[in-house]
Each structure stands twice: as structure tokens, then as C-alpha cells.
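Colleague: structure for this input, please:
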Amino acid sequence: MSNIDTFLATLDYDKPKANVTGRNTIIDLIPKSKRCGIYVLHFKNEEYYAGLSIDVRKRFTQHSKTYDDIQFLSFKTMKLGELRKEEELIIKKLEKSGFRLRNKVHTSVTVSSSTFDEIMDKATQERWLTDLSFNDFAGERLDDEDQRRKYQRNFQKLQTLPNAHEAIEFFREYVKRCIPAPFQTEPYYWSSSCLPGKGKTLYIRVNIKQEVLRIVNHGNQLNTTFFVAQSELSQDKVLNKIWGSIKNFMQFKAIPTVGAIYEAGGQDQVGIAVFGIENAQKILNDEKFLYAIRLLNLRIMRKTFNLQYRYHCYALADSALEPIYDNN
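Modeller: Predicted coordinates for the structure are as follows:
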């Protein structure tokens, strides 16, 4: 019995798994009365896909048109009302146990091909992750005059607020160092919102399907919240460096946020609230933190488009990208 079989057996999936190599139907394998449940597709290269269906027989036929390398099927009959919770649970358990998944929802990492790979190939992605001084500033920006006009006043208003110059400077540094191929990926892979809240304290938000950076003016101090890949910090016990002692907390003036986990980034993420823009700069200058930021951002970009492009402030993005363009 393989590792995946042993794992699924502990979760009460049917055994033995069905050999479905070359099939486009499983109508003869699963009775009509038991067709509602959670399934796991086993691919020939030891990758997997988990999903829910009220009729797994029809769903398998749909998958067979997309994937020609399905080898086995594991299945667990469940009640309709339990499907969504169980689907999320099995995906997270599989990923946490080290199985390579083609799922894009509920995962931190997907092994599926991505349209993002057409912008930045995998070799360049790997270089961007490992060489923290590198970015790809090639390509032309996409512009939308109607969208530009929509949020122009927000940027003009931001410029009149306390500490706005410092906030914009830090935003520029973040885009330059933490967004892969920023010219080519704006706004459909990343976007920036300017004064997105109802008040005047939330200055800037960077989105990659989810929030990845927030800059807030509180009193006379700029505070930031980063979202990063948690595992990269935990492995080197960097998180303990922040909040493990009063001394180290004072070094970074940062704490983990509680409960702020977004679906797009999956379970391997943590928010870090940082007090003072000078301490946020320390985060960017720390190689382990910078790698963890880059890793989460790249993972999300490879999984999905950024639906927050509708709130993109081109004038704010200009403040980050035009100086980079001028220097290159």
C-alpha cells in the first residue's frame, strides 16, 4: 500500500482505490445511490487533485477531458451538507502531509501550470526567489484611462495627508523588491488601492487576489501589515526572533496578526503587524523575511488572477513604477 493509500485509509476513503487509467466514465464503479462525496484523483506522476461532487460519476468524465494522466480514483461517500467543509479539510491535510496537489483553491502551493508562467518562466521565477537583488523590469504597463480617472482624486487626497510621502516611498520600495515583473503583471496579478477605507487612516493596500501589504497612519506613526509564507520563517525560527522575547520584539516592533488568513494564500501564511515605517524597512532588509514575502506573492500569482484590479489606483502605481522605469 502506498503512502497516499495509507493516508486516505485513515480518513475512511474506499479501498482499494479504483484503477481508472484510460477511462472517461466510472458509472460502473460507483452506484447511483453513493455518487455524492469527496474524491481524490491520482495522477501518474504522483500528483493529486481533491474535490467534491454531488455526482462524482459526471465530475470524473469532466476531469477526464482535462487530464489524460489520471491513474487511480479514491472516493468517500458523504452527505451534501458536509461536502464543502470536508473538501477544504482533505486538501489542507494532503498539502500539510507533503503530497503534491494540482488544486488551486485551499492550497498554499499548486503544481498546476499557470498563465503567469507565460509572463515569467519558471527559471526566472526561481532566480527571483533565490537572488533577492534581482527583478524583471522589462515590458510595458497596461493602462486604462477610465480606471485611472476613477481613483485619481484618491491619490491627490492621499498626498495632502500626514506621513503620505513616507508611505508612498515605502510602497515604492515594496513594489520594487516584492512584486515579480511589476510592469507586466499590473493590474491583473497585482494592484494597489489608495485610501480604500471609509476613513483617512488606511493609506495604501497592495492586493494579489488577497491583501499582501497594508499601510496605515495611526496618530503620527505609519504602521504596516505584511503577509508572508509562514513556513519559511518557522523553519529558521525567525518568528521567535520577533515575539519570543521583549528584547527581540523591541528590535522589530512587530507581532503576528491573529485570524487574518486569506483563502488565496492558503494555510501557509501569517500576517505580521509592524509598528513604525523604519521597522517595516528592517523587515524588507532582512533576507529571510524578504524571501518569505516573495514566496507568498509568487505562489498566489501562479494560482489565480487578481480580482481587485477593479480598485487599482494607477496614479499611486505611477509613483512606484515611474522611478524604476527612469532608472532602468
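Colleague: let me see the mean pLDDT of stretch 104-123.
Modeller: Stretch 104-123 carries an average pLDDT of 89.
Colleague: how far does that stretch stretch from start to finish?
Modeller: With Cα to Cα, to the nearest Å applied, stretch 104-123 spans 21 Å between its terminal residues.
Colleague: ditto for stretch 74-81
Modeller: Criterion Cα to Cα; first-to-last residue distance in stretch 74-81 is 20 Å.
Colleague: return the set of buried residues in it.
Modeller: S74, F75, K76, T77, M78 (16 or more other Cβ atoms under 10 Å). Every C-beta, even on glycine, is put in place using the N, C-alpha and C of the backbone.
Colleague: before we move on, what about stretch 59-79?
Modeller: Applying a neighbour-count criterion of 16+ other Cβ under 10 Å, one finds 59-60, 63-64, 70-78 buried in stretch 59-79.
Colleague: quick one: contacts of that stretch?
Modeller: 4-5, 8, 11-15, 17-21, 23-26, 29-30, 34, 36-45, 49, 51, 53, 56, 86 (Cβ atoms under 8 Å, 6 or more residues apart in numbering).
Colleague: hmm, back to that, relative to A167, which of the buried residues of stretch 59-79 is nearest.
Modeller: Top of the list for closeness to A167, among these and by Cβ to Cβ, is H63 at 46.7 Å.
Colleague: what separation do you get for the closest one and K92?
Modeller: Separation of H63 from K92 (Cβ to Cβ, to the nearest Å): 21 Å.
Colleague: if V206 is in a bridge, with which residues?
Modeller: Counting by DSSP bridges, V206 is bridged to S192, L213.
Colleague: just list the residues touching it, thanks.
Modeller: Taking Cβ under 8 Å, 6+ apart as the criterion, V206 is in contact with F171, Y174, V175, I179, W190, S191, S192, S193, V212, L213, R214.
Colleague: turn those residues into a markdown table, columns for pLDDT and distance to K253.
Modeller: Below are the contacts of V206 laid out as a markdown table (pLDDT from 0 to 100; distance: Cβ to Cβ, whole Å):
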| residue | pLDDT | distance to K253 |
| --- | --- | --- |
| F171 | 98 | 19 |
| Y174 | 98 | 18 |
| V175 | 98 | 23 |
| I179 | 98 | 25 |
| W190 | 98 | 27 |
| S191 | 98 | 28 |
| S192 | 98 | 24 |
| S193 | 97 | 25 |
| V212 | 97 | 20 |
| L213 | 97 | 17 |
| R214 | 97 | 16 |
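Colleague: nearest to G265 among those?
Modeller: Nearest to G265, judged by Cβ to Cβ, of the contacts of V206 is V212 at 8.0 Å.
Colleague: which residue is the nearest non-sequential neighbour of that closest one?
Modeller: F227 (4.8 Å; Cβ to Cβ, 6 or more residues apart in numbering).
Colleague: the one you found is in what secondary structure piece?
Modeller: Using DSSP states H and E, the element containing F227 is strand 221-228.
Colleague: mind telling me what element L296 is part of?
Modeller: Secondary structure from DSSP H and E places L296 in helix 287-303.
Colleague: and after that helix, which helix or strand comes next?
Modeller: The helix or strand immediately downstream of helix 287-303 is helix 314-327, counting by DSSP H and E.
Colleague: can you pull out the strands in this protein?
Modeller: Along the chain, the segments classed as strands by DSSP state E run 18-19, 37-43, 47-53, 70-77, 100-101, 191-194, 202-208, 210-218, 221-228, 254-256, 270-275.
Colleague: which of those strands has the lowest average pLDDT?
Modeller: Mean pLDDT is lowest for strand 254-256 among those, at a mean of 72.
Colleague: helices or strands up against that strand?
Modeller: In this structure, strand 254-256 makes packing contacts with helix 238-243, strand 270-275, judged by 3 or more Cβ pairs under 8 Å, 6 or more residues apart in numbering; DSSP states H and E.
Colleague: one more time with 6 Å, if that's ok
Modeller: If you count contacts as 3 or more Cβ pairs under 6 Å, 6 or more residues apart in numbering; DSSP states H and E, strand 254-256 packs onto strand 270-275.
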